[in-house]
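Engineer: What follows is a predicted protein model with its sequence.
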Amino acid sequence: MTTHSRRERHLRGRSAREPYVQRIDPRTAGWRHSSLLVVDVPPGGEHTLSTGGSEWIVLPLAGACTVEVDGATFELAGRASVFEAVSDFAYLPRAAESRLTTAAGGRFAYAGAVCENRLPARYGPASGVPVELRGAGTCSRQVNNFAAAGVFPADRLIAVEVLTPGGNWSSYPPHKHDLHEPGVEAELEEIYYYEFTPHGATDGYGFQRVTPSGHGESTDVLAEVRGGDAVLIPDGWHGPSAAAPGHHMYYLNVMAGPSGEREWLIRDHPDHAWIRRSWPHTPVDGRLPLYGPPPADPAEGTADRRPA
């Protein structure tokens, strides 16, 4: 097994190995369930993936692509950046060979989870992504629930996008999901992958906090994060994710765990749970939503273009 220092175990900087921006799997993460690949593909290029024992979702972060898997072809219109639009996506089943091609190039995320059941390859339209506003005031953020439990079918994988306006705190109050308590808390390994809006030539940044919960390996992280970084959270109270003023923050959350029930159940930190009671009396940040889902395309789901 690959070994890392305590800091490297949880904070992963941008990979120096092209085309990968991030390459996280259970072996290199030191856990059992969650995976993430982020790849930069040049114009006219391709990326192939053998899915193995995991299910995957291909999500365009910047650019458009064509995905081929199990005899199906999915045309993903994508988007210019994660700060401009919701994206469509494609689900890849376990034990499959997939191929991504792109005419203009782009950056693409593969969110993965070790799974048991082989579900069919499937297209997810951008127009079907629920956009939710959470929190209030300086805790306001936008959540694109493209592969949340109960939204899009998968065996174990849960994945969402979160957009936090500059100066706000997200992933707050601190919460955890490192125990299996039916109906109360679900055990889930989680990956945060970050991008930021620049200001002129100045790159954006933020901060991520994780504190020990007394379970698992007692994860303790206080890290500055920049575009292309990732934080691995096997356990612990996580939050806040703080965006520097002037720079909107994006993160992709990838979660999976051992339970046969695909559900996101969290427990708020008892010292900070009171903040939720203040939200009904506080306006949501007026900068949100940064955008919403596009209108439905009547051609979505047709057999000749995007097979189900």
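Structural biologist: Arrived safely.

Engineer: And the lengthiest strand in the chain, how far out from the chain middle?
Structural biologist: For the chain, the longest strand by residue count, based on DSSP state E, is strand 54-69. Mean C-alpha position of strand 54-69 versus that of the full chain (C-alpha atoms, centre = their mean, to the nearest Å) differs by 13 Å.

Engineer: That strand pairs with which strands?
Structural biologist: Strand partners for strand 54-69, identified by DSSP bridges, are recorded as strand 72-79 (antiparallel), strand 89-92 (antiparallel), strand 97-101 (antiparallel), strand 106-114 (antiparallel).

Engineer: mind putting the ones you listed in JSON lines, distance to Trp56, mean pLDDT and mean neighbour count included?
Structural biologist: Where you see a C-beta, it was placed from the backbone N, CA and C, and this is true even at glycine. Converted to JSON lines, these look like this (distance: least, C-beta to C-beta, whole Å; pLDDT from 0 to 100; neighbours: other C-beta atoms under 10 Å):
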{"stretch": "strand 72-79", "distance to Trp56": "13", "mean pLDDT": "98", "mean neighbour count": "20"}
{"stretch": "strand 89-92", "distance to Trp56": "4", "mean pLDDT": "98", "mean neighbour count": "25"}
{"stretch": "strand 97-101", "distance to Trp56": "8", "mean pLDDT": "98", "mean neighbour count": "17"}
{"stretch": "strand 106-114", "distance to Trp56": "4", "mean pLDDT": "98", "mean neighbour count": "26"}
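
Engineer: Put together a markdown table for those strands, with distance to Pro234 on each row.
Structural biologist: Formatted as a markdown table, the strands paired with strand 54-69 follow (distance: least, C-beta to C-beta, whole Å):
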| stretch | distance to Pro234 |
| --- | --- |
| strand 72-79 | 31 |
| strand 89-92 | 24 |
| strand 97-101 | 27 |
| strand 106-114 | 14 |
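
Engineer: how about those strands, which one is nearest Asp40?
Structural biologist: strand 106-114 (5.3 Å; C-beta to C-beta).

Engineer: residues of the helix or strand following that closest one that come out buried?
Structural biologist: As assigned by DSSP states H and E, the chain's next helix or strand after strand 106-114 is strand 122-124. Under the neighbour-count criterion of 16 or more other C-beta atoms under 10 Å, strand 122-124 has Arg122, Tyr123, Gly124 buried.

Engineer: give the contact list for the last one.
Structural biologist: What that stands for is Gly124. If you count contacts by C-beta atoms under 8 Å, 6 or more residues apart in numbering, Gly124 has them with Ile57, Asp88, Phe89, Ala90, Tyr91, Phe146, Ala147, Phe152.

Engineer: can we see that at 10 Å?
Structural biologist: Residues in contact with Gly124 (C-beta atoms under 10 Å, 6 or more residues apart in numbering) are 57-59, 74, 76, 87-91, 146-147, 151-153, 300, 306.

Engineer: List the contacts of the closest residue to Gly44 other than its chain neighbours.
Structural biologist: Using C-beta to C-beta, 6 or more residues apart in numbering and skipping the chain neighbours, the partner closest in space to Gly44 is Ala103 (6.5 Å). Residues in contact with Ala103, defined by C-beta under 10 Å, 6+ apart, are Pro43, Gly44, Gly45, Gly63, Ala64, Cys65, Thr66.

Engineer: mind putting those residues in a markdown table, neighbour count and distance to Val231 included?
Structural biologist: Shown next, in a markdown table, are these (neighbours: other C-beta atoms under 10 Å; distance: C-beta to C-beta, whole Å):
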| residue | neighbour count | distance to Val231 |
| --- | --- | --- |
| Pro43 | 10 | 31 |
| Gly44 | 10 | 33 |
| Gly45 | 16 | 28 |
| Gly63 | 22 | 25 |
| Ala64 | 19 | 28 |
| Cys65 | 24 | 26 |
| Thr66 | 15 | 31 |
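
Engineer: Cool, thanks, signing off.
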